[in-house]
Structures are given as C-alpha cells and as structure tokens.
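*Asks:* task: produce atomic coordinates for the following.
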Amino acid sequence: MLKKTIALVLSTSLLLQSTSIVYADNINLPDIGTAAATTLSIGQEMEMGDYYMRMLRASAPIINDPVLNQYINDLGKKLVSKSESVKTPFHFYIMKSDVLNAFAFFGGNVVIHSKLILDTDNESQLASVMSHEIGHVTQRHLARAMENQNRNSPYVWGATLGSLLLTLANPEAGMAAMTSTMAGSAQNMISFTQSNEQEADRVGLRTLAKAGFDPYASSEFLQKLADQSRFSSKTPEILLTHPLPNSRLTDIRNRSLQYSKKNVSPSLNYYLAKARLAILMAKNKNTAKLLVEDYKKLNNEQSKTAIIYANALADNLSGNNQKAKQQLQPLLDSDPNNIWYIDLMTDIDLALNNSSTAITRLQAALKKAPNSSALQLNLANSYIKNKNYQQAVSLLHRYTFDHNDDSNGWELLVTAYGGLHARAKEMSARAELIALEGQFQQSIQLLQNAKNQTKGDQTMISKIDARINQLKQLQKRYAAYKR
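*Replies:* This is a model prediction of the structure:
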C-alpha cells in the first residue's frame, strides 16, 4: 500500500523542511538518484506521475490558459536544459491558489501556485523555485523515499497524502487537515527529508546559475518570505506547518557565494505573465490594483508596457473592446510577433466579430513560430468562431497528437466536431477529455456510445475498439493506486 501512496507525500516546496548547514562546493554532484532504481523504474515513475496528474486535473484548479501555460513551460524547459541527471520529460503547471507553494512529483510534473508567481520580484526568483523542484525530480527523492519506507508508518504516509490532495483542491480545509494529521509525527518527517531539501537546494542553485539567472535569487526570495512572516500579522500559509529557520537562509547564502552576482535584464514576458495572472485569476480587483502600483514604482520600460497590457486585458474582459483595442494596438504594432499581444488582440477581434482578421494575423504569426502552442490554439478557436470547422479539426488533430495531455485541444476538438455534426467523433474527443481526469469508466462508456454511432465505418470502429482496450488497461493498472 505504501508504494502506492507515497508519491505525493514528499511533494515539496522551496519552503519545506529545515536543513542543516552544508556549504556549497565546486565538485560535481554524484548521481545519487540512480540508487533508487532498485525500488522504482523510470517507467513506473512516469506511470505514477500520470495517475496523480489525472487526479489533480479532476480535483485541483489547474490553470488552462494557453499563453500562461506556454510561458511557464518555456521557462521550465530553459532550466531543464541546464539540469543534470534528467531522466524524464518535464511538464510545468500553474494552479490557482492563494497558498504560496510549489511542488514536484513523479514523472517530471512540477506545479507552481499562482500566488507564488505573483509574490516573486523578478524572473530569477521564480526560476529559483522551479529549479529547486526540478532538483527533487532529477535526484529521484520520491523513489529514494520508498527505500526507507519501513522507517515510517504506512498509515501516517497515507493520511498525509490524503491531506495533501485535500490541500490542493481546497487549501484552507486541507491545511487544517494536514496540521492535524502530522501532529504526532512531524519531527520524524522533517528529519527524514532534510537531506532531500539540502540536495535540491544545491542542485537547483547550479541549474539556476547555468541557465543564466541570478544565483542570489534563492536567498533573496527566502529572505522576503522570512520578513513577511516576521513583520506581518498573517504568516504565509506554508510557513505555518513548515517553518523557515535561519539555518536554511544561512545555508543558501553561503552556497551562493561561490557564484558571481548577475544583473539579469528584466523579462517582459515575466511582467506580462504576472499581469495576466493578477487580472484573470484574482478573486477581487485589489490584487491587480496592487500589482499595477508596484509596476508604477518600478518605472522601467517593461513595467510600463505591462501596465498598458493589463489595462487592455481588463477592458476586454469587461466588454470595452474598442477601448482595449485602442490601448493594445500600439504595443502590437511595435512588437507584432509577441504572443501575449496576439492572443489578446485575437480575443478582442473575436468579440468584435472580426474573426477573419484574427485568422490572417495568427496564420502569419505561426509561420514565424510554428511550434507555439498558444498560437495554434488561438487559430483553432478562431476557425471555430468563423465556422471553419474542418480547418479547425485538421489543426487540432495535429495538436492533440503532439499535446495529448492538454485539455484545451480536446475541448476545442469537441466543439469543432459538434459544428460538423460528427456525433461519433465528438463523443470520442470528449472521451479523451474526461480520461485526462481519470474518469476511465465514463470515457469507455462514451467510446462505446460513439461506436454505436459510426454506422458501419469499420476503420473508425477499429480505432475506437483499440482505444477502449488501452483505457481498460490503464483503468486496471491505476486501480491499485486507489487502494
């Protein structure tokens, strides 16, 4: 049972358990993670990661905004390309949450909470959190934890996993449950993960520096959180159960001393991402207002541009599309290949019934950036709005093949097939969508219904039968993780 439940127990944040002081060194890091191969193969890790990611899609507010998704994955890929001992693909997600946190688990899955992004001061700080989580994956800390499973009660680990999942779906209720569950064994868990956190700090710092970011960003961000805890009436949520001791800060500061301070130029994409998050994801307008005020204080070209973008986005969402277009057009004219501007102008054009204009712009943009997932999804959506359903289907067939875990592509394909009145294909696409949330039985039933709608199309019947068999196999294998 423990092997099935431990996967998320050690889901870790940059702010997790305290570490003892070990100073940075210049020697190559050993590939300690390979020691876990006797417990869990890479293939098994990826399978378990896929299972838990389906659970998260079903229960946690994963953000499916195409532009934000492309940004966080591009940033993640930059870091992974400079990481050591990479044995799995990596996928990066943003989760809407007012709890400051980030965590990684099997299969190279890294989840960043929206509040953490908004609370960082620069892209190097955000990258420092991500590189730390990448370190947990490359050093196979979860698999290595399994080798020590007899040190802890399976009941404790199982209860902690349940609390963590509850935290992801409902942070306030989940945090209370986590506190209660961990009350009797917190010290043992902290001691157990000290070396993991220390190793992830060291590995992450090397990755951060090699990727061209400021290596001092880790200690700066941790100091900021420590100051918030010290001088604020409300302690950051993650620090309630995982305090940040001075030893952790001292450790990271001393490791940073082996690197030169880097003055990294402000990233416009970073400013735009924070603006988009603040406008789209905030529960109230206060978050966006505070962000704009911060940008005004910075008073650099990137922050000024991001304020204009934020205002145009807010006007678009409130229905003031002519005003939004008036604000955004100069930005697009000066930077016609910027996907943030193209994406927003597409939404404005579609709202003003100018879908053909949006299509022309997107087609031109894709010639220069053919691998942009955000542009492909925008074009497919624009085809659908313009009732060019067959063109949308052709594009989405390629997209869902390359990005079969992106619910955006399957949702658009469902709509496109609906426009063509292709009922069987529409149901097949919807089956893939709900399978991404682990609802295998419902997915299989939809495919059975789609099969009944094929009217003698033997080729499609064969494809549906093959997919049903695949889903049945997944359902059988993943059932063990529920016990």
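
*Asks:* list the helices and strands the helix or strand hosting residue 395 packs on?
*Replies:* Per DSSP states H and E: residue 395 is located in helix 389-402. Packed against helix 389-402 by the contact rule (3 or more CB pairs under 8 Å, 6 or more residues apart in numbering; DSSP states H and E) you find helix 373-385, helix 407-419. (Glycine included, C-beta is placed from N, CA and C.)

*Asks:* what angle separates it from helix 373-385?
*Replies:* Inter-element angle recorded for helix 389-402 and helix 373-385: 150 degrees (by axes from the mean of the first three to the mean of the last three CA atoms, to 10 degrees).

*Asks:* quick one on the thing from earlier: out of the helices and strands packed on helix 389-402, deepest packed?
*Replies:* Highest mean neighbour count among the helices and strands packed on helix 389-402 (mean count of other CB atoms under 10 Å): helix 373-385, with a mean of 24.

*Asks:* residue contacts, residue 346?
*Replies:* For residue 346, the contact set (CB atoms under 8 Å, 6 or more residues apart in numbering) comprises 358, 361-362, 378, 381-382.

*Asks:* ugh, wrong one, residue 217
*Replies:* Taking CB under 8 Å, 6+ apart, one finds 122, 124-125, 127-128, 208 in contact with residue 217.

*Asks:* residue 453 now?
*Replies:* Neighbour list for residue 453: 423-424, 427 [criterion: CB under 8 Å, 6+ apart].

*Asks:* how about low-confidence regions in the stretch 1-150 of the chain?
*Replies:* For the stretch 1-150 of the chain, the stretches with pLDDT under 70 are 1-40, 141-150.

*Asks:* can you give me the strands for it?
*Replies:* 91-95, 102-105, 109-113 (DSSP state E, counting those that start in this stretch).

*Asks:* what about the stretch 151-300 of the chain, any weak spots by pLDDT?
*Replies:* Along the stretch 151-300 of the chain, the parts satisfying pLDDT under 70 run over 151-195, 229-248, 282-285.

*Asks:* now do the helices in it.
*Replies:* Assigned by DSSP state H, counting those that start in this stretch, the stretch 151-300 of the chain shows helices spanning 154-169, 171-182, 186-210, 217-231, 237-241, 246-256, 268-281, 285-298.

*Asks:* please apply the same query to the stretch 1-150 of the chain.
*Replies:* Using DSSP H, counting those that start in this stretch, helices in the stretch 1-150 of the chain cover 2-5, 42-59, 66-80, 114-119, 123-138, 141-146.

*Asks:* quick revisit: make TSV out of the helices and strands packed on helix 389-402 and add distance to residue 196 and mean pLDDT.
*Replies:* Shown next, in TSV, are the helices and strands packed on helix 389-402 (distance: least, CB to CB, whole Å; pLDDT from 0 to 100):
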stretch	distance to residue 196	mean pLDDT
helix 373-385	32	98
helix 407-419	32	98
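
*Asks:* list the contacts for residue 270?
*Replies:* Residue 270 touches 122-123, 126, counting by CB under 8 Å, 6+ apart.

*Asks:* most neighbours out of those residues, which is it?
*Replies:* residue 126 (26 neighbours; other CB atoms under 10 Å).

*Asks:* against residue 446, how distant is it?
*Replies:* 39 Å (CB to CB, to the nearest Å).

*Asks:* and the residue nearest the centre of the chain, what does it touch?
*Replies:* Taking CA atoms, centre = their mean as the criterion, residue 93 is the residue nearest the geometric centre of the chain, at 0.8 Å. Residue 93 makes contact with 56, 62-63, 69, 72, 109-112, according to CB under 8 Å, 6+ apart.

*Asks:* still on that earlier bit, which one of the contacts of residue 270 sits closest to residue 470?
*Replies:* Residue 470 has its nearest neighbour among the contacts of residue 270 in residue 126, at 37.0 Å by CB to CB.

*Asks:* give me the domain ranges for this protein.
*Replies:* For the chain, the domain assignment from automatic domain parsing gives the residue ranges 2-256, 269-482.

*Asks:* in a markdown table: those, plus distance to residue 262.
*Replies:* Listed next are these as a markdown table, based on distance: least, CB to CB, whole Å:
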| stretch | distance to residue 262 |
| --- | --- |
| domain 2-256 | 4 |
| domain 269-482 | 15 |
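
*Asks:* contacting residues around residue 46?
*Replies:* 88-89, 106-108.

*Asks:* possible to save the contacts of residue 270 as CSV with distance to residue 42?
*Replies:* Output for those, formatted as CSV (distance: CB to CB, whole Å):
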residue, distance to residue 42
122, 34
123, 30
126, 28
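
*Asks:* between those, which sits nearest residue 220?
*Replies:* Using CB to CB, the contacts of residue 270 come closest to residue 220 at residue 122, 8.8 Å.

*Asks:* my guess is the closest one meets residue 265, correct?
*Replies:* No: if you go by CB atoms under 8 Å, residue 122 and residue 265 don't touch, sitting 10.0 Å apart.

*Asks:* now do the helix holding residue 395, average pLDDT.
*Replies:* Averaging pLDDT along helix 389-402 gives 98.
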